[in-house]
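K.L.:
Have a look at this prediction, sequence included:
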Protein chains: 2
Amino acid sequence: MLGERNRKVLFAVIQCYMNAPGPVGSRVVTKKFSFGLSPATIRNIMSDLEEMGYLRQPHTSAGRIPTDSGYRLYVDTLITGKDYVNDELLLELYKRLETLNKDINYFHDRASKVLSSLSNYIGIIMSPKTGMTTLNKIELLKYRKNQVAVILFTDEAMIRNKVVSIDPEISQKDLNRISGYINSEFAGFTVEEIRRIVLNEMSEERNICDSLISEALKICRNVFSSAEGDIYVSGLSEMLDLPDFCDIDRIRLLLKTIEDKHLIVELLDKISASDGTQVFIGSENPIDEMKNFSMVISTYNEGSKPVGAIGLIGPRRMNYLKAISIVDMTANYISNILLDR
Amino acid sequence: MLGERNRKVLFAVIQCYMNAPGPVGSRVVTKKFSFGLSPATIRNIMSDLEEMGYLRQPHTSAGRIPTDSGYRLYVDTLITGKDYVNDELLLELYKRLETLNKDINYFHDRASKVLSSLSNYIGIIMSPKTGMTTLNKIELLKYRKNQVAVILFTDEAMIRNKVVSIDPEISQKDLNRISGYINSEFAGFTVEEIRRIVLNEMSEERNICDSLISEALKICRNVFSSAEGDIYVSGLSEMLDLPDFCDIDRIRLLLKTIEDKHLIVELLDKISASDGTQVFIGSENPIDEMKNFSMVISTYNEGSKPVGAIGLIGPRRMNYLKAISIVDMTANYISNILLDR
DNA sequence: GTTTAGCACTCTCCATGTTTGAGTGCTAAT
DNA sequence: ATTAGCACTCAAACATGGAGAGTGCTAAAC
């Protein structure tokens, strides 16, 4: 069991390490925090903390660095404590979030910038995976010869469009009938559900008597093919200013992972199922390539259904309090925007 | 005046430097190329080339490195020579470009990936600046209370949508009349032109007698506000594998510039006016932050009008022949796709 | 006159010592 | 239980010294 004093020392080490990378020694701790204890005593305590697995020494005769379990303890305390970060940050955050409201069209872009610029970490935001969104209405507009523009209105306050090529030309009038059919059959279902239904219908091959319906199904199959959620990333360059990134290979690995996208999309997607803000510290990170980083992730909702995810990626020694506050509040804010519309 | 032999030596140095960074010495040149000359003679020639400003020495007793003017000479020769790169590359390029055709919706994303993965440099592609595109048709669809989805069909085979809030609710029927009005008035104009016209009309304040038209103008002003062209970047991580990027500050600077976007958008935008493939070598680069890199840029057209730009960003010692070939062909390919549709 | 061999010289790079300073662990005193 | 003192350790910074690659120059060869 961890005594109150030991815990305070652990958190002190974490504080120091947050401000500057590199092992933190006993003297520094006594100077920055007034425990009323001498360095020697602190040393003993730190030695104990190391035995318990909360701290580690990169090498003999160096200071200590918090381990992932040390951070875990810290973060758990933070979360149950509910101490939010200072008011200035919150004010600044609100000021920036307000601009989100102005033009919902670019809100992904904006939101990721807000996340990153305020935290100096990498901000990511995942638009709803198309499969998860609910179809509100569909419109088919003839575009050019053999091409139809499909406008997808979703419940999630988003519009997607896609151009579909069709083989025999169809008149706008017929297109209207088709969209009418799709709307009456499928409105209210999620895209993923529609996809499954359509595939079933088609395999049973019985509806082909009505050529319009068969055409409608063809279009559906094309439009409702599962598409990956898109992610928006920003703040890479700010992040490189942190002293942690003196190592070039780390940058490389990080960039590759982020550019690859699908690993992150997968993760965020999994997260979307659950609720609330989650923190992955170093080795806890489900993505192998990210085991040198920490992530703070949350979901944003439409009503009560989570439809997208936002998050921050930072160094393991990131300012968790700040990061959690930012992510948490931004997620809530976005949820509110979506609700009010 | 530069003799034939000297020129050959210069190009030889460029070749060597392309394959591996670091000064190239006289011995290496004689070994890799059979000039039938001894290192000593090559040294003399290189010394002459240095005097002429085509080569430079990082320090005494090191080999030579091509200067920007050296590269300029080389590239100019390439371009007038029209020797394209080998057939394998072209085949590979065509194979990848084919997939562009399949789904025009994601073609930006795809095209930038093709550019970067084939060259190992950074691929960029700029979608047409909205202002430059020509309005083909507009559709207004009622979305929610007080919200209208505006679907913009452009001549450039692209569809854009935007959600606009309007104050007094308008029925779909009226929306149809409005879109009919806009279509009849403005189809065929570029977005920028429309914007200017609308601003004029509004300032004259005389049309407000017809409230529908005034409403139409309001929507126009909102929709046709000039929006920046979007750029898609890919290949950052591959680029980092090049030995040139041992220096962390270069990476930082490059990333910042790219993430900033607007400098690049501006440049590409200026380029769009002119035609053909352009090469910026090192210090020739109009963007200060990029004076350590080279760019190969071209435009793609809809018919004869340039509507977007693509390009490659690489180290100064990039393989210009390959880069120019890739950019050139990709631009042509895209132009053809847009034409055939 | 052009080309080349030979040689002295220069400069980077790498590996190897050396020093310095921060920090610990232990022991003995408080 | 805490602390002062001291010996010990290790990384990072700095210095030293070839080794190697490459040049420039000169004098000889073609």
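P.N.:
Done, it's in. Numbers count the residues shown, from 1 in each chain, chains lettered A, B, ... in the order given.

K.L.:
gap between whichever residue of the stretch 151-300 of chain A sits closest to DNA strand D and B:Ile248?
P.N.:
With CB to the nearest atom of the strand as the measure, A:Cys246 is the residue of the stretch 151-300 of chain A nearest to DNA strand D, at 10.2 Å. C-betas here are computed from N, CA, C, even on glycine. A:Cys246 sits 7 Å away from B:Ile248 when distances are taken as CB to CB, to the nearest Å.

K.L.:
more crowded one of the two?
P.N.:
Higher neighbour count among A:Cys246 and B:Ile248: B:Ile248, with 14 against 11, using other CB atoms under 10 Å in any protein chain shown.

K.L.:
Could you list which residues are in contact with that one?
P.N.:
For B:Ile248, the contact set (CB atoms under 8 Å, 6 or more residues apart in numbering or on different chains) comprises A:Leu240, A:Phe245, A:Cys246, A:Ile248, A:Ile251.

K.L.:
and the residue of chain A found nearest DNA strand D, which of the three is it?
P.N.:
Nearest residue of chain A to DNA strand D (CB to the nearest atom of the strand) works out as A:Ser61 at 3.0 Å. When classified by DSSP: H, G, I helix; E, B strand; the rest coil, A:Ser61 comes out as coil.

K.L.:
count of neighbours near it?
P.N.:
Neighbour count of A:Ser61, defined by other CB under 10 Å: 7.

K.L.:
can you check A:Ala40 too?
P.N.:
Per other CB under 10 Å, the neighbour tally for A:Ala40 reads 10.

K.L.:
Just the element for it, please.
P.N.:
Per DSSP states H and E, A:Ala40 falls inside helix A:39-52.

K.L.:
correct me, but A:Ala20 touches A:Leu242?
P.N.:
No. Using CB atoms under 8 Å, A:Ala20 makes no contact with A:Leu242, being 10.6 Å away.

K.L.:
And these two? Which one has more around it.
P.N.:
Shown here are A:Ala20 and A:Leu242; by other CB under 10 Å, A:Leu242 has more neighbours (15 against 10).

K.L.:
any idea how far the closest residue to that one other than its chain neighbours lies from DNA strand C?
P.N.:
Among residues not flanking A:Leu242 along the chain, A:Pro315 sits closest, at 6.2 Å (CB to CB, 6 or more residues apart in numbering or on different chains). In this view, A:Pro315 and DNA strand C are 20 Å apart by CB to the nearest atom of the strand, to the nearest Å.

K.L.:
ok, A:Pro315 - how many residues close by?
P.N.:
A:Pro315: 19 neighbours (other CB under 10 Å).

K.L.:
go on, A:Pro286?
P.N.:
Look at A:Pro286: counted by other CB under 10 Å, it has 13 neighbours.

K.L.:
what sits against the nearest residue to it once chain neighbours are set aside?
P.N.:
Of all residues not flanking A:Pro286 in the chain, A:Leu267 sits nearest, at 5.7 Å (CB to CB, 6+ apart). Neighbouring residues of A:Leu267 by CB under 8 Å, 6+ apart: A:Pro286, A:Ile287, A:Ile297.

K.L.:
Find me the pLDDT at A:Leu267, would you?
P.N.:
A:Leu267 is assigned a pLDDT of 89 by the prediction.

K.L.:
And the strands in chain A?
P.N.:
With strands called from DSSP state E, chain A shows them at A:55-56, A:65-66, A:122-126, A:135-144, A:147-154, A:159-165, A:231-234, A:278-280, A:293-302, A:305-315.

K.L.:
Packing partners of the last one?
P.N.:
This means strand A:305-315. Applying 3 or more CB pairs under 8 Å, 6 or more residues apart in numbering or on different chains; DSSP states H and E, one finds that strand A:305-315 contacts helix A:107-119, strand A:122-126, helix A:262-273, strand A:293-302, helix A:320-340.

K.L.:
Need the winner for burial among these.
P.N.:
strand A:122-126 (a mean of 27; mean count of other CB atoms under 10 Å in any protein chain shown).

K.L.:
and that one, which strands flank it?
P.N.:
Here strand A:122-126 has these sheet partners by DSSP bridges: strand A:231-234 (antiparallel), strand A:305-315 (antiparallel).

K.L.:
Let me have those strands in JSON lines, extended by mean pLDDT and distance to A:Ser116.
P.N.:
Shown next, in JSON lines, are the strands paired with strand A:122-126 (pLDDT from 0 to 100; distance: least, CB to CB, whole Å):
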{"stretch": "strand A:231-234", "mean pLDDT": "92", "distance to A:Ser116": "5"}
{"stretch": "strand A:305-315", "mean pLDDT": "90", "distance to A:Ser116": "8"}
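
K.L.:
which one is A:Arg221 nearest to, not counting chain neighbours?
P.N.:
Nearest non-adjacent residue to A:Arg221, counting by CB to CB, 6+ apart: A:Val198, 5.5 Å away.

K.L.:
what sits against the one you found?
P.N.:
A:Leu217, A:Cys220, A:Arg221, A:Phe224.

K.L.:
Would you mind measuring from it to B:Arg317?
P.N.:
Applying CB to CB to A:Val198 and B:Arg317 gives a distance of 53 Å.

K.L.:
now A:Met126
P.N.:
Taken as CB to CB, the span from A:Met126 to B:Arg317 is 38 Å.

K.L.:
what does A:Ser47 give?
P.N.:
With CB to CB as the criterion, A:Ser47 and B:Arg317 are 53 Å apart.

K.L.:
coming back round to it: the helix holding A:Ala40: which residues count as buried?
P.N.:
Residues of helix A:39-52 classed as buried: A:Ile42, A:Arg43, A:Ile45, A:Met46, A:Asp48, A:Leu49, A:Glu50, A:Met52 (neighbour count, 16 or more other CB atoms under 10 Å in any protein chain shown).

K.L.:
Which neighbouring residues are in contact with the closest residue to A:Met239 other than its chain neighbours, exactly?
P.N.:
Nearest residue to A:Met239 in three dimensions, chain neighbours excluded: A:Ile122, at 5.3 Å (CB to CB, 6+ apart). Counting by CB under 8 Å, 6+ apart, A:Ile122 makes contact with A:Ser116, A:Val233, A:Ser234, A:Gly235, A:Leu236, A:Met239, A:Ile258, A:Leu312, A:Ile313, A:Gly314.
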